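S.K.: can't give you the sequence, but here's the structure:
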C-alpha cells in the first residue's frame, strides 16, 4: 500500500517535471464527425480505438488524444470538438482517491515502474525453484532505455536456472505507457501459472515442458512519465529535439511506415527515425531472436478485441489469412472478445511472425486505459481463459532441431516452404543455442526447406492433416565443401576388373568404406534427413565384412583424400545384366552417426 506521503511526494515530483518538460496533452470528443473528418483524424491523430474495420471507423463519436501543438490542427478539422479533460500525472489521480478515502484508503492497485519489478521479485521469492528474474537489457545484444532503465522479465520453468532444450512462449504488456491495465493481466497470468504448479496437472506440465517468459512492461520510461507527468502518455521518451517519444508499436521493422504510422515526431503514432531504432524495440526483438518462441501474446488496451497478425496494407494469401483467422477465433472465444485488423504496420506481432515464425497476436483488453482497478481485475479474470487456451493447446505442425552433421552442432537455420504463400519474405528460424524450431503450417502438403550458413540445404515433404498435433522432424545439414565423388574405370566385361576411385575432400587419414548393394532406394536412414543411397542387403553385408569380389572395402584415405577399391567381375555368363551399386562412404567419429559424407552411387552392369 502506498502511503499518502508517498503519493503526495510523487505528485510534487510530477509537478516539478511538468514545469520543465513539455506540457501534457488533452482528450477531445468529436460527437458527430463526418466520414471525411473520421478519415483525416485517423490519419493524423491518436484516435482511441483507431483501426480499419473497427466499429468506430467511419461513424459514431470518437475520442482523440492531442499534444498542445496539435490542438489547433485538430480544431481546424473538427471545430465542434469538445475538450473532455486535461492530462495530469497518474499519481495525482491516486492522491485524489486516497484523500477521498482517508489515510487508510486501499492502494488503487495499478503498478508503477518499481512495483512491476517488485511483483517479479515477489514471485521469485515465493517460487525460487520455478521463477527467475531476467534483466533483458543485460542479455547479449541488450541495451538500456533512453533514460537508462532496464526491462525485466520473469522466466517460469521447472529447471528455471538452466536454458533447457524446451519450446518457449512469451507474454508481454505495456508497449504503450498509458495502458496501465496491461501489466495487471501479464502479472496475473504469471501468478496463476506458478500458483497452479503441483495442483493443476495441465498447467504443471506446461511449466515442466516449456520456458515461459512474462514481460509486464516494455516501456518503463513512458510508464514513469505517466505516473509523474502525464497520464495519457503513449510513447517512449526519446528526445526528438522539439518533442519526445516514439510509438514503440510502430517501430518494428516489418513493413515499417507502410501504413498507420506518422513521420511527425510530435505525433503519438510517430514511428521513429528508422525501423527498429528504439532500445525497447531492440530489446524485445533480441529476446524473441534468442528464444524463438512458438507463441507470442502482446496485451494492449482498449477494445476487447483480438487483432489479426497482418496490417491491412500487407499483401497476404487467402490460405494464410484463413489459417491465422482460425487462431484469432480460438483465442477470442474463451474471452468473448471481438476481432479486427491491426491499426498499422510496424507492429510487434507481425514482425515476430514474419522474421522468425512465432505465432503472434495483439490483444486489446478492457474498454479504457485506466479503468477502476476492480474493473481491471475483472478483466484479468475474463482474459485468463484465453491465455490458458493458448498455453495448453496451441502447437506447431512440426517441431525438432536443426543440427550440423559435423559434431551435431546446433544451427540457426532459415525455414521456408513451397508452394510459397508469402509476399514479404516471411520465414521461420531455429534457435541458435540448441537448433530447436517450431514450424506453423496450414493443412495440406508442403515441401519444407531448411537452410543454414555454410551448409547444404535440405528439403522434406510434409503433410499436415490436423492442427495442434506436432510431429517431430529432426534435421541434419551437411557443411558445404564436403561433397564426395566416386569414379569408375573399366567397361564391365565379365572376367575383367572395374576400379573405383573415391574422393572425399579434406578427409586425409579418415577411413573410407566402399558400400555395395543391389539397390539405392529406400536407402539406409541415418536420421535427420540423412539417407545413405544403398540398401542394407546381402551385398552390403558382404562389403561390410569383406569379400573377394569387391576389395578392399575398408581403405584409409591418402594424402589426396582418395581411396580405391576393385570389383573383380566373375567370368561367368550368369552375372551378365546383374546390376549392383557401389558408393564411397567416409567414416569419422566427429560426425553424426560416425559418417561424414558419401558419394552418389555408381551402377555396374556386367556385359559379355
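M.R.: Nice, thanks for sending it over. Only a predicted model underlies this, so the values are computations on that prediction, with no experimental measurement involved.
S.K.: spit out the contact partners of residue 463.
M.R.: The contact partners of residue 463, taken as C-beta atoms under 8 Å, 6 or more residues apart in numbering, are 444, 445, 446. C-beta: built from backbone N, CA, C; applies to glycine.
S.K.: low-confidence ranges in this structure?
M.R.: 1-23, 49-59, 97-98, 100-108 (pLDDT under 70).
S.K.: and the longest helix for it?
M.R.: In the chain, taking DSSP state H as the definition, the longest helix is helix 373-393.
S.K.: name the helices or strands packed onto that one?
M.R.: With contacts taken as 3 or more C-beta pairs under 8 Å, 6 or more residues apart in numbering; DSSP states H and E, helix 373-393 sits against strand 168-173, helix 181-196, helix 201-209, strand 295-301, helix 318-332, strand 359-365.
S.K.: my read: residue 222 touches residue 233, true?
M.R.: Yes - counting by C-beta atoms under 8 Å, residue 222 touches residue 233, with 5.7 Å between them.
S.K.: name the residues contacting each of the two.
M.R.: With C-beta under 8 Å, 6+ apart as the test, residue 222 and residue 233 both reach 177, 178, 245.
S.K.: roughly how far does the second one sit from residue 267?
M.R.: Look at residue 178 and residue 267: by C-beta to C-beta, to the nearest Å, they are 15 Å apart.
S.K.: and the last one, by the same measure?
M.R.: For residue 245, the distance to residue 267 equals 9 Å [C-beta to C-beta].
S.K.: who's more crowded, the two?
M.R.: Between residue 245 and residue 267, counted using other C-beta atoms under 10 Å, the more crowded position is residue 245 (28 against 24).
S.K.: list the contacts of that one.
M.R.: 222, 233, 234, 235, 236, 237, 238, 265, 268, 270 are the contacts of residue 245 under C-beta under 8 Å, 6+ apart.
S.K.: and the second one, how far is that from residue 112?
M.R.: Distance, residue 233 to residue 112, by C-beta to C-beta: 14 Å.
S.K.: highest neighbour count among the contacts of residue 463?
M.R.: Ranking those using other C-beta under 10 Å puts residue 446 first, with 23 neighbours.
S.K.: what about residue 554, distance to residue 580?
M.R.: 18 Å.
S.K.: between these two, which one's more packed in?
M.R.: residue 580 (21 against 15).
S.K.: show me what the more buried one is bridged to.
M.R.: Applying DSSP bridges to residue 580 gives these bridge partners: residue 604.
S.K.: tell me how far it lies from residue 181.
M.R.: Taking C-beta to C-beta, one finds residue 580 at 73 Å from residue 181.
S.K.: quick revisit: who touches the longest helix of the chain?
M.R.: 108-110, 169, 171, 180-181, 184-185, 188-189, 192-193, 202-203, 206, 210, 212, 295, 297, 299, 306, 330-337, 363, 365-366, 371, 468.
S.K.: next, the angle helix 181-196 makes with that helix.
M.R.: 60 degrees (axes from the mean of the first three to the mean of the last three C-alpha atoms, to 10 degrees).
S.K.: was I right to think residue 341 contacts residue 314?
M.R.: No - at 9.7 Å, residue 341 does not count as touching residue 314 under the criterion of C-beta under 8 Å.
S.K.: for the protein, which segments count as helices?
M.R.: 4-20, 35-44, 71-77, 90-101, 113-126, 181-196, 201-209, 220-228, 279-291, 318-332, 348-356, 373-393, 538-545.
S.K.: just put these in TSV and tack on mean neighbour count and distance to residue 607.
M.R.: Shown next, in TSV, are the helices of the chain (neighbours: other C-beta atoms under 10 Å; distance: least, C-beta to C-beta, whole Å):
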stretch	mean neighbour count	distance to residue 607
helix 4-20	15	94
helix 35-44	16	80
helix 71-77	14	90
helix 90-101	18	91
helix 113-126	17	77
helix 181-196	23	72
helix 201-209	15	60
helix 220-228	27	80
helix 279-291	22	59
helix 318-332	16	53
helix 348-356	25	56
helix 373-393	17	63
helix 538-545	16	19
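S.K.: can you add distance to residue 420 and give those back as CSV?
M.R.: As requested, the helices of the chain are exported to CSV (distance: least, C-beta to C-beta, whole Å):
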stretch, distance to residue 420
helix 4-20, 52
helix 35-44, 33
helix 71-77, 43
helix 90-101, 48
helix 113-126, 42
helix 181-196, 36
helix 201-209, 32
helix 220-228, 39
helix 279-291, 23
helix 318-332, 11
helix 348-356, 14
helix 373-393, 27
helix 538-545, 39
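S.K.: right, and those helices - which one's nearest residue 251?
M.R.: helix 279-291 (4.7 Å; C-beta to C-beta).
S.K.: show me what that closest one is packed against.
M.R.: For helix 279-291, the packing partners by 3+ C-beta pairs under 8 Å, 6+ apart come out as strand 168-173, strand 211-215, helix 348-356.
S.K.: picking up where we left off before, quick one, which of residue 233 and residue 112 is more surrounded?
M.R.: residue 233 (29 against 23).
S.K.: I'd say the more buried one and residue 177 touch.
M.R.: Yes - counting by C-beta under 8 Å, residue 233 touches residue 177, with 5.1 Å between them.
S.K.: what's the overlap in contacts for those two?
M.R.: Joint contacts of residue 233 and residue 177 (C-beta under 8 Å, 6+ apart) are 222, 225, 226.
S.K.: one step back: give me the common contacts of residue 233 and residue 112.
M.R.: What both residue 233 and residue 112 touch, as defined by C-beta under 8 Å, 6+ apart, is an empty set.
S.K.: residue contacts, residue 472?
M.R.: 398, 399, 400.
S.K.: let's see it at 7 Å
M.R.: 399, 400 (C-beta atoms under 7 Å, 6 or more residues apart in numbering).
S.K.: spit out the contact partners of residue 161.
M.R.: residue 132.
S.K.: any idea how far it is from residue 128?
M.R.: 9 Å.
S.K.: could you do residue 301 as well?
M.R.: 32 Å.
S.K.: neighbour count for the two, which is higher?
M.R.: residue 301 (27 against 11).
S.K.: hang on, that one packs against residue 177?
M.R.: No - using C-beta atoms under 7 Å, residue 301 makes no contact with residue 177, being 11.6 Å away.
S.K.: shared neighbours, those two?
M.R.: By C-beta under 7 Å, 6+ apart, no residue touches both residue 301 and residue 177.
S.K.: and for the residue lying closest to residue 304 once chain neighbours are set aside, the neighbour number?
M.R.: Of all residues not flanking residue 304 in the chain, residue 337 sits nearest, at 5.0 Å (C-beta to C-beta, 6 or more residues apart in numbering). By other C-beta under 10 Å, 20 other residues sit near residue 337.
S.K.: hmm, residue 337 is touching residue 307, no?
M.R.: No - the criterion here is C-beta under 7 Å, and residue 337 misses it with residue 307 at 10.1 Å.
S.K.: now for these two: what residues contact both?
M.R.: With the criterion set as C-beta under 7 Å, 6+ apart, the contacts of residue 337 and residue 307 do not overlap.
S.K.: what about the residue nearest to residue 423 when sequence neighbours are not counted, how many neighbours?
M.R.: Counting by C-beta to C-beta, 6+ apart, residue 315 is the residue found nearest to residue 423 once chain neighbours are left out, at 4.0 Å. Counted by other C-beta under 10 Å, the residues lying close to residue 315 total 9.
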